[in-house]
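> Build me a structure from this.
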Amino acid sequence: MSAVATPKVRGRGWLLAACLVWVGVLLLVPLVGIVITALQPGIHVVTQTLSAPDVIHAVELTAVITAVSVVVTALFGVVVAWVLVRQRFWGRSLMNAAVDLPFALSPVAVGLAALVLFGPGGWLAPFFEARGIQIIFALPSMVLVTVFICVPFTIREVVPVLEEIGLDEEDASRTLGASVWQTFFRVTLPNIRWALTYGVALTTARAVGEIGAVLIVSGLLQGKTETATLFIFRAYEERQIPAAYMVALLLAAVSVTLLVVIEFLRHRQERERSRT
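Next up, the predicted model:
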């Protein structure tokens, strides 16, 4: 029995070691490299970089774009997920496939599409210009392309949970006289809250790190349309290496911390459920 079990245990051990090495080399080593490079000139580079006006503006602009993108994709993501799971209609498969379109398209292509629609001579440019609304090279276009890129994350987290919980609890709630909104807030939302939370976390991480589409539509106006990722791009081009790596480290820390906290809370919730 032990002779049979030993190769299996060894195989599992080698597989685990290979996974740890793969994760370490591709994910952890680059982060360690960023930390070392950012702090190489000294600890003073932290306060010096993070107190610079351009960095403060870039971080604030990134926060605004991320907040708007998270709110929009969370609200519409839940609605779209509910429609895909609970409704049957012609074109449902096409709509389901369209949700994944941002995964397939290059962010640069998304930015170019925005230019075609809203840029100088674009299809919709005369409408907005006549009303004094600037879309391209301004905040609206940056929010628009970020929202487009972040669309799938909430939907793809919520859909499997809605499929798993089924209709029993929702039907029971409506049978007892609850309205559609009461059923949603008291039954559906509590059941999908962790999927929604994780989708929001993924959306936040993606929005914070977006550069391709934003680079195209922002115009790279320093101090005006420069996000944190665009600051990193410019700082690296201008050989401000410590500043570039410090802001990159800040963005990485925000994304990693957010995901770790969400994972911790979700696992704690699962442990509490198993006890009850």
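
> Tell me how many other residues crowd Glu237.
9 (other CB atoms under 10 Å). For every residue, glycine as well, the C-beta is placed using N, CA and C.

> Tell me, what's the model's pLDDT at it?
The model reports Glu237 with a pLDDT of 88.

> For Gln134, see how far away the nearest residue to Ala252 once chain neighbours are set aside is.
What sits nearest to Ala252 in space, not counting adjacent residues and going by CB to CB, 6 or more residues apart in numbering, is Leu31, at 6.1 Å. Taking CB to CB, to the nearest Å as the measure, Leu31 falls 38 Å from Gln134.

> any idea of the pLDDT on the residue nearest to Ala252?
Per-residue confidence (pLDDT) for Leu31: 76.

> again, but for Pro53
92.

> ok, the closest residue to it other than its chain neighbours - contacts?
Leaving aside its chain neighbours, Pro53 sits nearest to Gly223 (7.3 Å; criterion: CB to CB, 6+ apart). Taking CB atoms under 8 Å, 6 or more residues apart in numbering, we find Gly223 in contact with Pro53, Asp54, His57.

> Okay, and which of these map to helices?
Assigned to helices by DSSP state H, the following of these qualify: Pro53, Asp54, His57.

> Now render the residues you listed as TSV, adding neighbour count and distance to Phe231.
Below are those laid out as TSV (neighbours: other CB atoms under 10 Å; distance: CB to CB, whole Å):
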residue	neighbour count	distance to Phe231
Pro53	8	11
Asp54	16	6
His57	18	9
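
> Please, where are all the strands along the stretch 51-200 of the chain?
For the stretch 51-200 of the chain, applying DSSP state E, counting those that start in this stretch gives no strands.

> in it, which segments are predicted with low confidence?
For the stretch 51-200 of the chain, no stretch has pLDDT under 70.

> And the helices in it?
Counting by DSSP state H, counting those that start in this stretch, the stretch 51-200 of the chain has helices at residues 53-86, 92-99, 101-104, 107-118, 125-130, 139-165, 168-175, 180-183, 189-209.

> Quick one: closest of those to Pro242.
helix 53-86 (11.9 Å; CB to CB).

> The residue nearest to Ala252: what secondary structure?
Three-state call for Leu31 (DSSP: H, G, I helix; E, B strand; the rest coil): helix.

> how many other residues sit next to it?
14.

> now Arg206
20.

> Check the gap between it and Ala63 for me.
Taking CB to CB as the measure, Arg206 falls 15 Å from Ala63.

> try Arg12
44 Å.

> Show the contacting residues for Thr204.
Thr66, Val70, Val254, Ser255, Leu258.

> which of those are buried?
Among the contacts of Thr204, those buried by neighbour count (16 or more other CB atoms under 10 Å) are Thr66, Val70, Val254, Ser255, Leu258.

> sorry, back to before: so Arg12 and Ala63 - more neighbours on which side?
Ala63 (15 against 10).

> How much space separates the more buried one from Ser69?
When Ala63 is compared with Ser69 (using CB to CB), they lie 11 Å apart.

> if I look at the closest residue in space to Leu189 that isn't next to it in sequence, how far off is Val159?
Closest residue in space to Leu189, ignoring its immediate chain neighbours: Leu196 at 7.7 Å, by CB to CB, 6+ apart. The gap separating Leu196 from Val159 is 11 Å, by CB to CB.

> swap in Val71?
Here the criterion is CB to CB. By it, Val71 lies 20 Å from Val159.

> now do Thr62
With CB to CB as the criterion, Thr62 and Val159 are 28 Å apart.

> for Ser179, same thing?
Per CB to CB, Ser179 is found 24 Å from Val159.

> neighbour-wise, which of the two wins?
Counted by other CB under 10 Å, Ser179 and Val159 do not tie: Val159 has more neighbours, with 21 against 10.

> dump the residue contacts of the closest residue to that one other than its chain neighbours.
Leaving aside its chain neighbours, Val159 sits nearest to Ala81 (4.8 Å; criterion: CB to CB, 6+ apart). Listed by CB under 8 Å, 6+ apart, the contact partners of Ala81 are Thr154, Ile155, Val158, Val159, Leu162.

> Just give the number of residues close to Ala195.
21.

> got it, and Gly121?
Close neighbours of Gly121, defined as other CB under 10 Å, add up to 8.

> what does Arg239 give?
By other CB under 10 Å, 8 other residues sit near Arg239.
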